[in-house]
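K.L.:
Kindly generate the corresponding structure for this input.
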Amino acid sequence: NVLLTTRADIDIPDQQGWPRYAGVVDSSPALGDIDGDGDIEIVVGSRDEKVYAWHHDGSTVKGWPRSTWTEAISSPALGDIDGDGDLEIVVGSSWKDGKIGGKLYVWHHNGSIVEGWPKKAGSYDGFSTPALGDIDRDGDLEIVVGENSIGSGISRIYAWHHDGSIVEGWPVIIGDYVNVYSSPALGDIDGDGDIEIVVGSLDGNVYVWHHNGSNVTGWPKKTGCRIKSSPALGDIDGDGDIEVVIGSDCKIYAWHHDGSNVTGWPKKTKWVESSPALGDIDGDGDIEIVVGSGDDKVYAWHHNGSNVTGWPVKTGDYVESSPALGDIDGDGDVEVIVGSGDGKVYAWHHDGSLVEGWPKEATYRWVKSSPALGDIDGDGDIEVVVGSYSKVCAWDCSGIYNPNNIEWGTFHHDVMRTGLYEPKPSGGFWLSVYPTSGTLEPGNQTNITVTFNTTGIPPGKYHVNITITSNDPDKSVLGIPVQLTVPQPPDLNITDIWIDNNTIYYKIKNTGDEKAGASNASLTIDGVFKVSDYVVPLEPGEEKIESFNYTWNCTDENDVIKVCADYEDDVEEYNETNNCLTETRLCEAPAIWVSPVSFDVGLQPEDVLNYALTIDNKGNDILDFNILLTTRADIDIPHQQGWPRRIWDDKVTSSPALGDIDGDGDIEVVVGSYKGKVYAWHHNGSTVKGWPRYTGGEIHSSPALGDIDGDGDIEVVVGSSWDGGKRGKIYVWHHNGSIVKGWPKKAGSYDGFSTPALGDIDGDGDLEIVVGLYHISSEQGKVYAWHHDGSTVKGWPKYTGDGVSSSPALGDIDGDGDMEVVVGSYDNKVYAWHHDGSTVKGWPRTTGDGVVSSPVLGDIDGDGDLEIVVGSWDDKVYAWHHDGS
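P.N.:
Next comes the predicted model:
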C-alpha cells in the first residue's frame with residue numbers, strides 16, 4: 001500500500017533537541033530560513049533581555065542570542081527589509097529601570113545590527129509587535145509599530161524605512177496618555193491599491209490610516225473598552241472587501257472597510273487580549289473567527305456572528321495566547337491550537353473536540369505566547385512551536401506539512417506580522433500516486449506513477465512523505481521524503497522616481513526568483529502618456545537605474561508623474577499590482593543637494609585644513625538656506641524633583657537599584673546604608689510604605705530586585721555584614737517590607753561585600769539567589785545558591801581557596817542552554833560552575849593576585865559565545881573564552 005502520510009503519534013513527542021530554556025517567553029516564535037541554509041530557524045524574544053535564534057535541532061545559530069538590555073516581549077518579525085536577499089530580524093524591547101522608552105532592533109541573520117538601528121521610539125514599551133510591509137510602494141519593506149505614552153504623555157504610531165529614516169507623514173500622534181499594546185495590521189482595506197495601517201488602542205478606539213498617515217474615511221471607531229488585542233484583516237463575508245476584526249475588554253468587533261458594522265457583530269465576551277485568527281476551520285468555504293478570552297474559553301464564530309458547532313471550548317485558565325489554525329494531525333481538516341494561563345497548549349478539531357494527544361503541558365505557569373506551525377526540520381510533517389513561562393517548546397506532530405492546510409500559522413498570520421488573511425489558491429494537492437496498492441509475485445516489479453501538479457500552488461518549498469507499507473517482515477514501512485520547490489516567477493517593481501536637470505530617472509527591480517525578460521517602462525504625466533523606455537532583461541534580485549529620453553518642463557503647479565513597467569511579450573508576472581509608482585512633483589520648488597553628506601577628519605595638533613561643502617540647487621525656484629553649528633543646550637543639569645534624599649547620621653555604602661517594587665507603575669529607588677538600613681523611596685523622594693528595613697550589620701552589598709517567589713511582585717534581596725562577631729545575613733523582603741518566608745539566611749562568615757545575583761540557574765522557572773562569602777574565621781570562602789524559599793540548591797555551596805568578596809555573574813557561557821555561575825576569589829582564581837555545582841571544563845583560571853572585581857559576561861569578540869572579563873589585584877584585566885582559553 002502506498003500512502004501520503006506520516007507516522008501516527010498519539011503521544012505527541014518533543015522535537016529532537018527541544019525544549020530550549022530561555023527564561024519567560026511571552027513573545028511568539030517566528031519560523032524562517034534566516035541564514036539561507038535551506039532549513040528553518042526559530043527566532044523568539046524573552047523577558048531575560050535576549051532574542052534567541054535556534055536551528056531546527058535546538059542548536060544556537062551563530063551570532064545569537066542578541067541582548068536587548070531590556071525585556072523582549074514583542075514577537076520577532078522576519079523580512080528582507082534591505083533587499084540583500086537575506087531575512088532580517090525585527091523586534092522591540094521594553095523600557096525598565098526608570099529609562100523611558102524601549103528600542104526597536106533590526107539585525108542581520110548573523111546577529112550584526114543593521115545600519116541605522118536600533119531606534120528609540122518615544123515611550124515604546126515592547127508590547128506592540130512590529131509589522132513589515134511596503135506601505136509606500138517603493139519596493140522596500142517599511143516597519144510599523146505603536147508606542148505607549150509612559151513619561152511623554154503622547155502616543156504615536158511609527159513607520160520607518162529599512163534604513164531607519166522616518167516614512168513621510170509619520171509618526172502619527174493618536175492622543176495624550178493613550179497606550180498602544182495592539183500590533184498594527186497592514187492591508188488594502190479600501191481597495192485603492194495602497195496598504196492601510198490598522199491598530200487598536202487603550203482609549204478604546206480602532207484607527208485606520210492611509211500609507212501617508214492620513215485618516216481613512218469612517219475611522220477611527222469607538223468601542224468604549226480598552227483594546228490590547230491586535231486586529232485581523234480578511235474578507236470574512238465574501239463581499240470582495242476586507243473586514244477588520246479585533247477584541248476589546250468587553251466585545252469582539254467586526255467592521256467593513258468603511259467602518260460600518262458587519263451584520264451579526266459585535267459579540268459579547270469577557271476581556272480579550274488574545275488576537276483573532278481568521279480561517280476556514282470547518283471546510284464550509286467561509287471564514288471563521290477564532291479568539292481566546294479572559295473567561296477561560298476559546299470562541300469560534302461564523303462570519304455572520306453565529307457560533308460554530310461545538311464552540312466555545314473551555315481551558316483551565318484565561319487565554320491571552322492567540323490561536324494558530326492548521327492541520328497538525330494529517331486528517332485534512334484544520335485544527336485550532338492555542339496556549340492558556342494554566343500552562344498548557346490545547347488543540348481542538350473544528351467541531352470543538354480535543355485532538356488526540358492534546359493538551360500538552362508546556363510549563364507550570366502561563367502560556368501567553370502564540371503557537372507557530374511549520375515543518376522546521378524538513379521531514380515532511382508539521383511541528384508546533386510555542387514559548388512559555390520557562391522555555392520554548394517544539395512538538396513533532398503527525399500531520400503532513402501542506403501550506404494550503406495552514407490557515408493562520410503564527411501570531412498575526414505570518415512572520416512579517418501583517419495580520420492579513422489571504423485566501424488559499426484553488427487547485428488540488430500538489431502530489432499524488434497511482435496506483436496506491438497492489439500485489440507482486442516473487443521476482444516481479446511494478447511502477448508507481450508519482451504526479452506533481454503545481455496548479456494553484458503559490459511559490460515556496462513543500463514537503464511530504466511517500467509511505468509504503470507491506471508484509472515484508474524486515475521492512476514493513478518505508479518512507480520516501482519528497483520536496484517540491486515552486487520558484488516565484490519574475491516580478492517587476494518600480495522602486496523610485498526622481499528628477500535631475502529636467503531628466504526623469506527611475507529604479508526598476510526584479511524581485512522574483514526567475515530572470516525577467518526584456519521589458520518596457522512607460523512615462524505618464526498628469527494621465528497623459530509621454531514616452532516609453534526599453535529595459536534589458538533583469539536577473540533575480542537585480543535592480544537598475546534608468547532614465548527617459550524626455551525633457552521635463554512643468555506647466556502647472558505640480559505634475560503627477562507615473563512610471564510603469566511591463567514585458568514586451570505577453571508574459572504573466574507573479575504580481576502585477578506593484579508595476580507602477582506615482583510621484584507628485586511641484587513645478588516651482590527649490591531642490592537642495594549637499595556634498596559631501598558627512599565629514600570624518602583627522603588633524604595633527606595646530607593643523608588648519610579647509611574643505612569645500614557644496615550646496616547645489618537642482619530645482620527651478622530660489623533656494624534659501626542657513627548653516628548653523630549646533631549641539632544640545634543642557635549645561636545646568638537640574639536635580640530630579642524631591643531629590644537628593646538625606647540619610648541622617650549615616651552613609652550610603654551600597655549602589656542603588658531601580659525598579660517598580662510596589663506595582664504602581666512608577667520606579668522606586670532601593671539602597672543600603674553603612675548603619676544597616678535598607679531604604680526605599682518613590683520617584684518623588686517620598687518613602688515607600690513599610691520602609692526602611694533594619695539588618696543590624698553594615699550594608700556594602702547592593703540590593704538585587706526580582707520576583708523570586710513568582711507572586712508577580714518584585715522582592716528586594718540584600719546582604720548585611722557581620723557586626724561585633726555576629727555573622728552576616730542575606731535578607732529577602734516583599735515590596736511592602738515584610739520578610740519573605742524562609743529568610744533571612746545566615747551564610748557562614750558572610751561579610752556583605754558580595755552582592756547577590758538572581759537567576760534561574762537550575763531551569764525550574766524560579767529565580768535562585770547566588771552570593772559569595774568572606775572567610776573571616778576559616779581558611780576557605782564559599783559560594784551559596786538558594787531557592788526562593790531559602791532551601792539550598794542541590795550541589796551547593798561551593799568552596800574556594802579563600803574569601804569571596806566578588807559578586808557572582810550568571811549566564812550560559814558554554815552554550816548548553818543552562819546557566820553557569822562565575823565568581824572571583826582572594827585565592828587568585830576565577831571559578832565557573834554549572835548549575836548543579838560541577839566545575840565547567842577549563843576552570844578555574846588563575847590570575848597573579850586576589851580577585852575582588854566582579855566578572856562581567858558578554859560576547860566581546862562576536863563569536864556567538866559569552867566571554868568572561870574580570871580585574872585582579874595584579875593590575876591586570878583578564879578576558880577568557882568560555883572554555884578558559
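K.L.:
where along the stretch 301-450 of the chain do the strands fall?
P.N.:
Counting by DSSP state E, counting those that start in this stretch, residue ranges of the strands within the stretch 301-450 of the chain are 313-314, 324-326, 335-339, 344-348, 360-361, 372-374, 381-387, 391-400, 406-408, 431-434, 449-452.
K.L.:
got a list of contacts for the second one?
P.N.:
In this case it means strand 324-326. 277-279, 281, 290, 334-338, 370-373, 382, 384, 399, 405-410 (Cβ atoms under 8 Å, 6 or more residues apart in numbering). Where C-beta positions appear, they are placed from N, C-alpha and C, glycine not excepted.
K.L.:
hmm, try it at 6 Å
P.N.:
Under the criterion Cβ atoms under 6 Å, 6 or more residues apart in numbering, residues Ala277, Gly279, Ile281, Val334, Val336, Ile337, Pro371, Leu373, Ile406, Glu407, Trp408, Gly409 lie in contact with strand 324-326.
K.L.:
cool, the first one as well?
P.N.:
Applying Cβ under 6 Å, 6+ apart, the set of residues contacting strand 313-314 from outside is Asp296, Lys297, Val298, Trp348, Gly352.
K.L.:
If we only consider these, which is nearest to Leu658?
P.N.:
Of all the contacts of strand 313-314, Asp296 has the smallest distance to Leu658: 36.1 Å, by Cβ to Cβ.
K.L.:
residues near the residue lying closest to that closest one once chain neighbours are set aside, how many?
P.N.:
Here the nearest residue to Asp296 in space, its sequence neighbours aside, is Thr315; by Cβ to Cβ, 6 or more residues apart in numbering that works out to 5.3 Å. When neighbours are defined as other Cβ atoms under 10 Å, Thr315 has 24 of them.
K.L.:
Which secondary structure element of the protein has the lowest mean pLDDT?
P.N.:
Ranking every helix and strand in the chain by mean pLDDT, DSSP states H and E puts strand 2-3 at the bottom, with a mean of 68.
K.L.:
What ranges does the stretch 701-850 of the chain have for its strands?
P.N.:
704-706, 715-720, 729-733, 745-746, 757-759, 768-773, 781-786, 798-800, 809-811, 820-824, 829-833, 845-846.
K.L.:
among the ones you listed, where is the model least confident on average?
P.N.:
Per-stretch mean pLDDT for these is lowest at strand 745-746 (a mean of 81).
K.L.:
Indicate each strand paired with that strand and its parallel or antiparallel sense.
P.N.:
Applying DSSP bridges to the sheet, strand 745-746 is found paired with strand 729-733 (antiparallel).
K.L.:
what does the partner strand contact?
P.N.:
693, 695, 715-720, 739-740, 743-747.
K.L.:
Filter the residues you listed down to the buried ones.
P.N.:
693, 695, 715-720, 740, 743-745, 747 (16 or more other Cβ atoms under 10 Å).
K.L.:
Dump those to TSV, plus distance to Lys798.
P.N.:
Formatted as TSV, the buried ones among the contacts of strand 729-733 follow (distance: Cβ to Cβ, whole Å):
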residue	distance to Lys798
Arg693	29
Thr695	25
Glu715	24
Val716	25
Val717	19
Val718	22
Gly719	17
Ser720	22
Val740	24
Trp743	21
Pro744	21
Lys745	16
Ala747	13
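K.L.:
Kindly indicate which of the residues you listed lies nearest Val793.
P.N.:
Lys745 (12.3 Å).
K.L.:
so who does the closest one touch?
P.N.:
So, once contact is read as Cβ under 6 Å, 6+ apart, Lys745 ends up touching Ile730, Gly790.
K.L.:
Could you report the separation of the nearest residue to Glu583 once chain neighbours are set aside from Lys62?
P.N.:
Leaving aside its chain neighbours, Glu583 sits nearest to Ile497 (4.5 Å; criterion: Cβ to Cβ, 6+ apart). Distance, Ile497 to Lys62, by Cβ to Cβ, to the nearest Å: 40 Å.
K.L.:
Looking at those two, which is more packed in?
P.N.:
Applying other Cβ under 10 Å to Ile497 and Lys62 shows that Ile497 carries more neighbours, namely 18 against 15.
K.L.:
Just list whatever residues bridge to the more buried one.
P.N.:
Here Ile497, judged by DSSP bridges, has bridge partners Tyr506.
K.L.:
Would you agree it is in contact with Lys507?
P.N.:
No - look at Ile497 against Lys507 with Cβ atoms under 6 Å: they stay out of range, at 8.0 Å.
K.L.:
Need the overlap of contacts for the two.
P.N.:
Counting by Cβ under 6 Å, 6+ apart, nothing touches both Ile497 and Lys507.
K.L.:
List the buried residues in stretch 262-282.
P.N.:
The neighbour-count check on stretch 262-282 (16+ other Cβ under 10 Å) flags 262, 265-267, 269, 271-282 as buried.
K.L.:
Which of those residues fall within strands?
P.N.:
Counting by DSSP state E, the part of the buried residues of stretch 262-282 found in strands is Lys267, Ala277, Leu278, Gly279.
K.L.:
From what I see, the third one and Gly234 are in contact.
P.N.:
Yes - with contacts defined as Cβ under 6 Å, Leu278 counts as touching Gly234 at a distance of 4.3 Å.
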